[in-house]
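Student: What follows is a predicted protein model with its sequence.
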Amino acid sequence: SGLNLPNNELSPGGLEVQQAAREIADSAALSGLGAPARAATAVVFDYETQWMFEIQRHGKTFDYQTLVFDYYEALRELGLDIDIVSSKADLTQYGLVVVPSIAVIDDALVDQIERSSAQWVFGPRSGSKTTAFAIPSSLPPGALQRVLPMQVLEVETLRPTLTPAVCIGGTQGVAMHWREHVRANSETRVDAQFNDAWPAILASGRVRYVAAWLSHALHRVVLEQAAKDAGIEVQLLADGLRIRRRSDLTFAFNFGAEQVQAPAPANATFVLGQPQLATGEVCAWRDAQTR
């Protein structure tokens, strides 16, 4: 019903669908696409965490899905393809695994970390509960301490006027909503500190822990560094621009309010649309070396 007006003419949405169908039919490159390949980056979404944090938010503004989306948005702004997966999935083939938060960290997940060669990023409240809804006897982050020796001593929910400052990679920002006071042992390095000297980013080997809900630009800096450490190429996209790779094609979508230039190389061959994208437009190209 959304594609037709009451008099059975195509609606504006119907005309867009008609145009998209025509473009796909006219392009052998688009109609021949197979299933998407596995991305190099995974974001772990955990329904058990969603339920547990709904039951015990511990702070009015701590919303699990909002936190996950902030990490997701930062990764997409860096031009990365992403798979959204369960913590029970096989994660060993990814180059970067991002876990915005996960209430229960079991030995099976830590086993995967030890077997993989990926970079791992864990956000706040990870490993903060057991399956019996208790605080781990070894303190959070529970079993993660096998690969990242640290302990969360206490946590604080942050009112809007309380925003501890931190600088990461030259970018200034703050903690919002939630912050943890953590203790690292000699095997764990502190990559960033808040202005009151509490650690903000801790790391050991290929595993990072973000001890707060950070402002968006800081999340992006942390993820950009993790991606680079994983050998994954990143490119900061224009506001509202998103890209997605399928087979040998790269698609660009402009969700922003301004016209933008697709980040295609000079020798690219466009199979859909043009390099200049107005709001709502899409294009696709093939690089010269992949033809």
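Tutor: Structure received.

Student: Map the structural domains onto the sequence of this structure.
Tutor: The record's domain parsing of the chain by automatic domain parsing lists 1-32, 41-229, 238-291.

Student: how close does the closest residue to Asp81 other than its chain neighbours get to Ile82?
Tutor: Spatial nearest neighbour of Asp81, chain neighbours left out: Ala39 (3.9 Å); criterion: Cβ to Cβ, 6 or more residues apart in numbering. Placement of C-beta: from N, CA and C, glycine included. Counting by Cβ to Cβ, to the nearest Å, the separation of Ala39 from Ile82 is 6 Å.

Student: Could you do Val99 as well?
Tutor: Applying Cβ to Cβ, the value for Val99 to Ile82 is 13 Å.

Student: what number of residues lie near Glu281?
Tutor: Neighbourhood size, Glu281 [other Cβ atoms under 10 Å]: 15.

Student: That one against Phe251, yeah?
Tutor: No - here Glu281 lies out of contact with Phe251, judged by Cβ atoms under 8 Å, at a distance of 11.3 Å.

Student: low-confidence ranges in the stretch 151-291 of the chain?
Tutor: Within the stretch 151-291 of the chain, the segments meeting pLDDT under 70 span 288-291.

Student: hmm, 50 instead?
Tutor: Within the stretch 151-291 of the chain, the stretches with pLDDT under 50 are 291.

Student: could you pull out the strands for it?
Tutor: With DSSP state E, counting those that start in this stretch as the criterion, the stretch 151-291 of the chain has strands at 165-168, 171-184, 189-193, 199-204, 207-210, 212-214, 241-246, 249-254, 260-261, 269-272, 276-277, 282-286.

Student: The fifth one: partners in the sheet, and parallel or antiparallel?
Tutor: Translated: strand 207-210. strand 119-122 (parallel), strand 199-204 (antiparallel) (DSSP bridges).

Student: Show me how far it is from its chain's centre.
Tutor: Mean-position distance between strand 207-210 and its chain equals 14 Å (Cα atoms, centre = their mean, to the nearest Å).

Student: now do the fourth one
Tutor: Taking the mean C-alpha point of strand 199-204 and that of its whole chain, the gap between them comes to 18 Å (Cα atoms, centre = their mean).

Student: Run through who's touching that strand.
Tutor: 147-150, 166, 168, 175, 182, 184, 187-194, 208-212, 214, 222 (Cβ atoms under 8 Å, 6 or more residues apart in numbering).

Student: Kindly recompute the last result at 6 Å.
Tutor: The contact list for strand 199-204, computed with Cβ atoms under 6 Å, 6 or more residues apart in numbering, reads 148, 150, 166, 182, 184, 187-194, 209-211.

Student: ok, of these, which come out buried?
Tutor: Applying a neighbour-count criterion of 16 or more other Cβ atoms under 10 Å, the buried members of those are 148, 150, 166, 182, 184, 188, 190-194, 209-211.

Student: sorry, back to before: neighbour count winner among Val99 and Ile82?
Tutor: Val99 (26 against 17).

Student: thinking again about what came up before, make a markdown table out of the buried ones among the contacts of strand 199-204 and add distance to Phe133.
Tutor: Listed next are the buried ones among the contacts of strand 199-204 as a markdown table, based on distance: Cβ to Cβ, whole Å:
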| residue | distance to Phe133 |
| --- | --- |
| Leu148 | 23 |
| Met150 | 22 |
| Val166 | 31 |
| Val182 | 22 |
| Ala184 | 27 |
| Thr188 | 27 |
| Val190 | 30 |
| Asp191 | 31 |
| Ala192 | 31 |
| Gln193 | 32 |
| Phe194 | 29 |
| Tyr209 | 22 |
| Val210 | 23 |
| Ala211 | 22 |
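
Student: Just the closest of the residues you listed to Pro136, please.
Tutor: Met150 (12.6 Å; Cβ to Cβ).
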